[in-house]
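>>> sequence and predicted structure, then a few things I'm wondering about:
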Amino acid sequence: MSAEAWTVVLVILSFIVYIYIGWHSRVKDTKGFFVADQGVPSLANGAATAADWMSAASFISMAGIISFLGYDGSIFLMGWTGGYVLLALLLAPYLRKFGKYTVPDFVGDRYYSNVARLVAVIAAIFVSLTYVAGQMRGVGIVFSRFLQVDINTGVIIGMVIVAFFAILGGMKGITWTQVAQYIVLIVAYLIPAIAISMLLTGNPIPQLSFTFSDIIERLNTIQTDLGFPAYTQPFANKPMIDVLFFTIALMVGTAGLPHIIVRFYTVPDVKAARWSAGWALLFIAILYTTAPALASFARYNLIESLNNKTVAEVQQLDWVRKWENTGLLKFEDKNGDGRFQLTPKKETSEIIIDRDIVVLSTPEVAKLAPWVIALVAAGGLAAALSTASGLLLVISSSIAHDVYYRMIDPGASESKRLFVGRVMVGIAIVVAGYFGINPPGFVAEVVALAFGLAAASFFPIIVLGVFDKRTNREGAISGMITGLVITSFYIFSVKFGGMQPWFGISAEGFGTVGMILNFIVTLAVSRFTPPPPAEVQALVEELRTPEHEPPALSDIGEDELD
């Protein structure tokens, strides 16, 4: 069978599994919808967290960026992996002990303020919509190539599938679907990486062949011969200050991502939260240690297959014609010599490769079996859909639980709250689909912007909420607004307003500046305004002690909630 036929078979089979899990896990109450009844085993939650975390950016786009940036692409490896360690050790156990459903719920209760809750809701929606746009674009790219439909149609198909198991099963359905999706995506990532490693180096373990074979030396030689910087040359594509700020933004943004934090609310207790964090880190490391090797293999194979080849030779490649149809691979013989040359400058390069096709095209370029090519497509879909579903639930819970139930109608019945939650998922899917059809960049770039926004808005407030009992509602509100507004202004001005980056700091890296400003404003305002109520300070003290549940906030009167 052809790769397209295999793709149809594997995608349909995997979708049947996802839909069945969603139907089987359908819920009838809000606890099941928002936090999966807090009954997910730590091992399963670790796999679900890894799938939620390893989005289309990790699966589809990260290796593509590394293959283009070389050494400088390691910012994604350091930032995303380091950030997860930061989250697992510094925040997750305390947030689980706090026992709320969402990050805005934590912010609203910790800072005894509905205004703080509302600002956190706006930040959560802003971050999640930015993030989910990248996932829907990833879905569209996979469908456009392997099912021969346009990207927009692919996005719509993905919307329908996510809507089914997210609306029916909520967090419970999403969790168990993500366990299945992790299995699909990791198998799909490892099989071609192992096969190509064996073909290029004779070593079946990608991590070892990347480290101990001569593949990087060969790639460095090819790169410099073509006029590119050596693959391992540092700071060739980004200035040092941007590498630093970009990496920090990814790290602290990870620790502030609401769709990852909420995963630790789904386990029975704090001990299970710690164990699930450990399992997730192991599952994530399997892919993240493979990505640099796959990136170098892909770069080597693409250059060898396309550069300086005649027009006829390139046109004979079946995979080239199919990727050209998506608009993500382009050729133009600008100098009229009958050959296509890859050069560092876009103006002179006769081969234009979108970074998002690198991983998806690698099995075809390496001439692997059609079923392997199809498996990668199914894995890319699993990665995108798993993260998209988690993000959509964050948007839903932020509105249905934190705004509607906690602020508008506290007496709403269980069935009414569940209905509102499902309606919000549906609306969020439609909005996410629009941004997937009209994205502001390639997948990992869009996702990086979301990390910057999370770093600038959530990270300081969560850290200070756990470790500084003197931080009050006035400080938290001021800090969140400052970080979110300034970072958003910078991102939109650089990306869409034509503004030149300050001091070489990219839009993706500016979240670090926003985070620092958030910390400064929050701490300063908190010290010049009244301290939190005694009950809240006692809660923060108790939150950091082992084994005991934190005290309830029932003693805080309504007059203390603004």
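That came through, no problem.

>>> run through who's touching stretch 232-251.
Here stretch 232-251 makes contact (Cβ atoms under 8 Å, 6 or more residues apart in numbering) with 68-72, 75-76, 78-80, 82-83, 86, 216, 220, 229-230, 448, 451-452, 455, 501, 503-506, 508-513, 515. Glycine gets a C-beta too; all of them are placed from N, C-alpha and C.

>>> distance from the chain centre to it, please.
19 Å (Cα atoms, centre = their mean, to the nearest Å).

>>> confidence score at residue 104?
We have a pLDDT of 85 for residue 104.

>>> just checking, what packs against the helix or strand it falls within?
Following DSSP states H and E, one finds residue 104 within helix 103-110. Using 3 or more Cβ pairs under 8 Å, 6 or more residues apart in numbering; DSSP states H and E as the contact criterion, the elements in contact with helix 103-110 are helix 92-98, helix 114-146, helix 258-261, helix 459-467, helix 534-543.

>>> got the angle for it vs helix 534-543?
Interaxial angle, helix 103-110 versus helix 534-543 (axes from the mean of the first three to the mean of the last three Cα atoms, to 10 degrees): 120 degrees.

>>> just the angle between helix 103-110 and helix 114-146, please?
Using the same axes, to 10 degrees: helix 103-110 against helix 114-146 is 170 degrees.

>>> contacting residues around helix 103-110?
Identification of contacts with helix 103-110 by Cβ under 8 Å, 6+ apart yields 95, 98, 100, 114, 116-121, 124, 258, 261-262, 398, 401-402, 406, 458, 461-462, 465, 476, 536, 539-540, 553.

>>> one more: stretch 215-224?
Taking Cβ under 8 Å, 6+ apart as the rule, stretch 215-224 contacts 70, 200-201, 209-210, 229-232, 296-297, 299-300, 303-304.

>>> what about 6 Å?
Here stretch 215-224 makes contact (Cβ atoms under 6 Å, 6 or more residues apart in numbering) with 200, 201, 230, 231, 296, 300, 303.

>>> so, low pLDDT: which residues of this structure?
Low-confidence segments of the chain, defined by pLDDT under 70: 27, 34, 100-101, 165, 168-169, 439-447, 546-562.

>>> can you confirm residue 176 is in a helix?
Yes - according to DSSP: H, G, I helix; E, B strand; the rest coil, residue 176 belongs to a helix.

>>> report the contact partners of it.
Taking Cβ under 6 Å, 6+ apart, we find residue 176 in contact with 21, 25.

>>> for residue 394, see how far away it is.
18 Å (Cβ to Cβ, to the nearest Å).

>>> next: residue 69.
Counting by Cβ to Cβ, the gap from residue 69 to residue 394 is 30 Å.

>>> which of those two has more residues huddled nearby?
The neighbour comparison of residue 69 against residue 394 (other Cβ atoms under 10 Å) goes to residue 394, with 28 against 20.

>>> tell me which element the more buried one falls in.
helix 370-397.

>>> helices and strands around that helix, which ones?
In terms of contacts (3 or more Cβ pairs under 6 Å, 6 or more residues apart in numbering; DSSP states H and E), helix 370-397 is packed against helix 3-24, helix 42-53, helix 114-146, helix 151-201, helix 258-261, helix 358-365, helix 414-437.

>>> could these be laid out in TSV, adding distance to residue 383?
TSV is the format used below for those (distance: least, Cβ to Cβ, whole Å):
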stretch	distance to residue 383
helix 3-24	12
helix 42-53	7
helix 114-146	7
helix 151-201	5
helix 258-261	14
helix 358-365	10
helix 414-437	14
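
>>> show me the one of those helices that comes nearest residue 545.
Each of the helices and strands packed on helix 370-397 has some distance to residue 545 by Cβ to Cβ; the shortest is helix 258-261, at 20.8 Å.

>>> what's the closest non-adjacent residue to residue 522?
residue 479 (3.1 Å; Cβ to Cβ, 6 or more residues apart in numbering).

>>> may I have the secondary structure class of the one you found?
With three-state DSSP as the criterion, residue 479 was assigned helix.

>>> quick one: it and residue 518 touch, right?
Yes - counting by Cβ atoms under 6 Å, residue 518 is a contact partner of residue 479 at 4.3 Å.

>>> give me the common contacts of the two.
In contact with both residue 479 and residue 518: residue 460, using Cβ under 6 Å, 6+ apart.

>>> give me the three-state assignment for the residue in the chain sticking out farthest from the centre.
Among residues of the chain, the one most distant from the C-alpha centroid is residue 337; the distance is 42.7 Å, by Cα atoms, centre = their mean. Three-state assignment for residue 337 (three-state DSSP): coil.

>>> do the same with the one 10 residues further on
Secondary structure assignment for residue 347 (three-state DSSP): coil.

>>> phi first, then psi, for it.
Dihedral angles of residue 347 (phi, psi; degrees, to the nearest 10) stand at phi -70, psi -30.

>>> distance check, it against residue 337.
From residue 347 over to residue 337 (counting by Cβ to Cβ), the distance is 17 Å.

>>> number of residues surrounding residue 537?
Residue 537 has 14 neighbours, counted by other Cβ under 10 Å.

>>> contacting residues around it?
Applying Cβ under 6 Å, 6+ apart, we find residue 537 in contact with residue 469.

>>> picking that back up, can you tell which of the helices and strands packed on helix 370-397 is closest to residue 388?
Between the helices and strands packed on helix 370-397, helix 114-146 lies closest to residue 388; by Cβ to Cβ that is 4.0 Å.

>>> ok and the closest one relative to helix 414-437, angle-wise?
Using the same axes, to 10 degrees: helix 114-146 against helix 414-437 is 50 degrees.

>>> next one: helix 114-146 to chain centre, how far?
The answer for helix 114-146 is 9 Å, by Cα atoms, centre = their mean.

>>> check which helices and strands it sits against.
Looks like helix 114-146 contacts helix 103-110, helix 151-201, helix 370-397, helix 414-437, helix 443-457, helix 473-496 (3+ Cβ pairs under 6 Å, 6+ apart).

>>> the last one packs against which elements?
What it means is helix 473-496. Packing contacts for helix 473-496, counted by 3+ Cβ pairs under 6 Å, 6+ apart, involve helix 114-146, helix 443-457, helix 459-467, helix 511-527.

>>> please redo it, this time with the cut-off set to 10 Å
Other helices and strands packing on helix 473-496, by 3 or more Cβ pairs under 10 Å, 6 or more residues apart in numbering; DSSP states H and E, are helix 103-110, helix 114-146, helix 443-457, helix 459-467, helix 511-527.

>>> quick check: buried residues in it?
By 16 or more other Cβ atoms under 10 Å, the buried positions in helix 473-496 come out as 473-484, 486-488, 490-491, 493-495.

>>> list the buried ones in stretch 76-93?
76-77, 79-84, 86-88, 91-93.
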